[in-house]
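Trainee: this one's sequence-less:
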């Protein structure tokens, strides 16, 4: 009858390899979790970029509407009467000429409003882009600190002292201009939004009536929401996108 043999105890080599294998597995698990976290940040950044593009499309609609209205008003008032008669009373050819006239006016008016919109948005977002680039900030600080400043003395003529002061303010004045341009852009943007999206139901023509007997029903919440999107959505979207991007860079290592 065969006598069963007990399993031999694990060798010293096996005992030494098991803890290292466990440590290796834990390291892989931590690396996998870290990669998943970074992937989630990348997905969040992509999502914020998509939302920002959608908000830009929503805000640009206000300027497109103004451009289309300007084109219609221009065609109605500036096109000669004989050309209007030709467009309305000539079959095919008149329709084609009318399409060219209205299309050209719309292209110029809407293109001009889109250019104005882009210019205003750049002015509003420029300080945010400047503040969120460490490399740009370091370069700017180094340039400003190394700038040669002229000493103003009591013996200087007032004109000379004034010119020296202007010379010393040139580097910082450029940065100050960016922030000043931001608020100017916001002011122009706000005025355009008030014109295109009056917060009063029925438009500004009912302002006197509303001031005489104001009610909550006179408040146009939809237009207020459109004004808020047009004014702040683009900068807010860029802020979220840059905030996630800065977090990814900080977590990836020193830059």
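Mentor: Right, received. Where do you want to start? Note that the structure is a prediction, hence the values are computed from the model and not measured.
Trainee: could you say what helices and strands the helix or strand that contains residue 139 packs with?
Mentor: Assigned by DSSP states H and E, residue 139 belongs to helix 134-145. Under the contact definition 3 or more Cβ pairs under 8 Å, 6 or more residues apart in numbering; DSSP states H and E, helix 134-145 sits against helix 93-131, helix 158-196. The way it works is simple: take the backbone N, C-alpha and C, and place the C-beta from them, glycine included.
Trainee: distance between the last one and the chain's centre?
Mentor: Right, helix 158-196. 21 Å (Cα atoms, centre = their mean, to the nearest Å).
Trainee: I'd like the average pLDDT over that helix.
Mentor: Throughout helix 158-196, pLDDT has a mean value of 88.
Trainee: tell me which residues of the helix or strand that comes right after that helix are tucked away?
Mentor: Moving toward the C-terminus from helix 158-196, the next helix or strand (DSSP H and E) is helix 207-212. In terms of neighbour count (16 or more other Cβ atoms under 10 Å), helix 207-212 has its buried residues at residue 210.
Trainee: what does helix 207-212 rub up against?
Mentor: 200, 218 (Cβ atoms under 8 Å, 6 or more residues apart in numbering).
Trainee: next, the angle helix 158-196 makes with the helix holding residue 139.
Mentor: Here the directions of helix 134-145 and helix 158-196 differ by 150 degrees (axes from the mean of the first three to the mean of the last three Cα atoms, to 10 degrees).
Trainee: when you give positions from now on, start the count at 18
Mentor: I'll keep to 18 as the first residue from here, and by that count the last item is helix 151-162.
Trainee: residues touching residue 140, list them.
Mentor: 198, 199, 201, 202.
Trainee: any chance of these in TSV, with distance to residue 262 and neighbour count too?
Mentor: Below are those laid out as TSV (distance: Cβ to Cβ, whole Å; neighbours: other Cβ atoms under 10 Å):
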residue	distance to residue 262	neighbour count
198	24	17
199	21	19
201	28	14
202	23	18
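Trainee: pLDDT score assigned to residue 134?
Mentor: 92.
Trainee: list the contacts for residue 133?
Mentor: By Cβ under 8 Å, 6+ apart, the neighbours of residue 133 are residue 80.
Trainee: do residue 241 as well
Mentor: Here residue 241 is in contact with 214, 216 (Cβ under 8 Å, 6+ apart).
Trainee: between the helices and strands packed on helix 151-162, which gets nearest to residue 158?
Mentor: In terms of Cβ to Cβ, the element of these nearest to residue 158 is helix 175-213, at 10.3 Å.
Trainee: from memory residue 181 sits against residue 174, does it?
Mentor: No: in this structure, residue 181 is not within contact of residue 174 by Cβ atoms under 8 Å, at 10.3 Å.
Trainee: sorry, back to before: which residues sit against the helix holding residue 156?
Mentor: 147, 148, 188, 189, 192, 272.
Trainee: run through the neighbouring helices and strands of the helix or strand hosting residue 252.
Mentor: In this structure, residue 252 is located in helix 251-269 according to DSSP H and E. Under the contact criterion of 3+ Cβ pairs under 8 Å, 6+ apart, helix 251-269 touches helix 29-95, helix 110-148.
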